[in-house]
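Asker: let me see the structure of the following:
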Amino acid sequence: MSEHYALTNKVAIVTGGAKGLGKTLTASLLAKGMSVAICGRTAAPIQHTVETFNAKYPGKIAGFVCDVSQAEQVNGFIDKVRSTFGDIHVLVNNSGFGKETLIWETTEADWDAVMNTNVKGAFLMSKAVVPGMINSREGFIVNIASQAALNGYANAGVYCASKFAMVGLGKALQEEVREYGIHVHSLNPALIQSQKTPDEPLDSGLIQNQDLADMLIYLLQQPRRLKIDNIGMWGF
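Answerer: Residues are numbered from 1 along each chain as shown. This next block holds a predicted model:
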């Protein structure tokens, strides 16, 4: 269990992997020789991202439409990934969003939408991949959480609640799968400048997408004897 984890020819899933941070995470995993399956709710960006990366990494990327808050869609997605690439070794729960509302002005519909994607989605995806990881006695689940998982912020109550829950879910899951050699991590970044256009100038005081991607690769390549918990990241 002391060896560094080799990523070449392993299989990863990145939810929300077609745009923004998810796309950067996908690119970094592909660059390490992994096969990567991405999912999202909209077909067009998935198709565009798959076509873009397939030109550089032929046969190494696949994408499917999947709403991570829906168990039937999640299970169908996992079946497609396994039939395409085989066993799943890494799950990155990246799908998520928030609502800028005061707690007492948050609608039930907005509460449900955020919690269902951020928490239920991570639960359903983890639930779907863990049995296979237990069988192979290896695996990594990485939750893209937030400093909002550790601190309360005004006008972000439902987002904070969802990210606190995501970290708690990950901590509980880690205790359940430790004996099978499976690692569960949470990354807790502060505000990220997720560039919406390639020509958007970089803000040197904010975390960049690539910073998260580099930290993900760092985590995955550590010796399997090592568990690193709840990494916080801030702009400097």
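Asker: and the worst-scoring helix or strand of the chain on mean pLDDT, what does it pack against?
Answerer: When each helix and strand of the chain is scored by mean pLDDT, DSSP states H and E, strand 192-193 comes last, with a mean of 84. Using 3 or more C-beta pairs under 8 Å, 6 or more residues apart in numbering; DSSP states H and E as the contact criterion, the neighbours of strand 192-193 among helices and strands are strand 207-208, helix 209-220. C-beta coordinates here come from the backbone N, C-alpha and C atoms, glycine included.
Asker: let's see that with 7 Å instead.
Answerer: The helices and strands touching strand 192-193, judged by 3 or more C-beta pairs under 7 Å, 6 or more residues apart in numbering; DSSP states H and E, are strand 207-208.
Asker: what about the least confident helix or strand of the chain, distance to the chain center?
Answerer: Counting by C-alpha atoms, centre = their mean, to the nearest Å, strand 192-193 is centred 16 Å from the centre of its parent chain.
Asker: show residues contacting it.
Answerer: Strand 192-193 has contacts (C-beta atoms under 7 Å, 6 or more residues apart in numbering) with Leu21, Leu202, Asp203, Leu206, Ile207, Gln208, Asn209, Leu212.
Asker: and stretch 163-181, how far from the chain's centre?
Answerer: Put simply, stretch 163-181 sits 14 Å off its chain's centre (C-alpha atoms, centre = their mean).
Asker: direction included, what does the least confident helix or strand of the chain pair up with?
Answerer: Here strand 192-193 is paired, per DSSP bridges, with strand 207-208 (parallel).
Asker: pull the CA atoms of stretch 14-29 into CSV?
Answerer: Presented in CSV, the C-alpha positions along stretch 14-29 are these (Å, rounded to 0.1, in the frame of the first residue of the first chain):
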residue,chain,number,x,y,z
VAL,A,14,-15.9,13.9,-13.9
THR,A,15,-19.5,15.1,-13.3
GLY,A,16,-20.1,18.5,-14.9
GLY,A,17,-17.0,17.8,-17.0
ALA,A,18,-17.9,19.6,-20.1
LYS,A,19,-17.5,23.2,-19.0
GLY,A,20,-15.6,25.5,-16.7
LEU,A,21,-13.7,23.8,-13.8
GLY,A,22,-14.9,20.3,-14.9
LYS,A,23,-13.4,20.7,-18.3
THR,A,24,-10.1,21.7,-16.8
LEU,A,25,-10.1,18.7,-14.4
THR,A,26,-10.9,16.5,-17.4
ALA,A,27,-8.0,17.9,-19.4
SER,A,28,-5.6,17.3,-16.6
LEU,A,29,-6.7,13.7,-16.1
